[in-house]
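Q: coords below, sequence missing:
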């Protein structure tokens, strides 16, 4: 996602932070941004440049709502692992982020202490379908296993690793089915 902030001299409307309660901040871009200095401009970027955006933030300065005139509203929610946080385990989820798209579908991402995506889900609400991708890391944070949607039967966020690893086998990774990529490092 491209987020553009400008100073008040560039047309920023509203305070950068509502210091009354410290929980919300927002701004609205009211005028067209200056042209990019590239001769061949991307038409998508041109459209983004002229779109009004309003952002709202939580008390940790994370975006909770993005309103756009051209694309609709995007909601963001954040949940921490109820089992606690890990400061050093790459295969332990710390934060779940849910992005709700204008059409009601969702992108769900579970990240570890380094904010690496351990598991991502595209949730097609209208079709009741989920596309899940899972990554496992070594002790240096390198991806050692990546299971694509065809190899996953689900996940469970009551488990810190999300797929319930037990003695080299994961409950939610299908045996002998789907695509699982493995990496080794020398």
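A: Done, it's in. Model, not experiment: these values are computed from the prediction.
Q: against residue 139, how distant is residue 98?
A: Relative to residue 139, residue 98 is positioned 29 Å away (CB to CB, to the nearest Å). Glycine gets a C-beta too; all of them are placed from N, C-alpha and C.
Q: more crowded one of these two?
A: Just comparing residue 98 and residue 139: by other CB atoms under 10 Å the higher neighbour count belongs to residue 98, 15 against 10.
Q: tell me, how many residues neighbour residue 79?
A: So residue 79, with other CB under 10 Å, has 12 neighbours.
Q: now do it against residue 112, distance only.
A: Counting by CB to CB, the gap from residue 79 to residue 112 is 14 Å.
Q: tell me the buried residues in stretch 84-91?
A: 90-91 (16 or more other CB atoms under 10 Å).
Q: what does that stretch contact?
A: Contact with stretch 84-91 is made by 92, 94, 112-114, 116, 118, 136-139, 141, 160-161, 165, as judged by CB atoms under 8 Å, 6 or more residues apart in numbering.
Q: which one of the residues you listed is nearest residue 178?
A: Nearest to residue 178 among the contacts of stretch 84-91, counting by CB to CB, is residue 136 at 14.9 Å.
Q: what residues are up against that closest one?
A: Residue 136 touches 91, 118, 143-146, 161, 165, counting by CB under 8 Å, 6+ apart.
Q: break down the chain into its strands, ranges please.
A: 12-13, 28-29, 53-57, 63-68, 72-80, 95-100, 106-111, 117-124, 129-137, 143-147, 165-166, 169-170, 180-182 (DSSP state E).
Q: so residue 122 bridges to which residues?
A: Beta-bridge partners of residue 122, counted by DSSP bridges, are residue 107, residue 131.
Q: pretty sure it sits against residue 101.
A: No - Residue 122 is beyond contact range of residue 101, at 9.5 Å (criterion: CB atoms under 8 Å).
Q: distance between the ends of stretch 159-166?
A: 11 Å (CA to CA, to the nearest Å).
Q: no, scratch that, I was asking about stretch 153-162
A: Span of stretch 153-162 from end to end, CA to CA: 12 Å.
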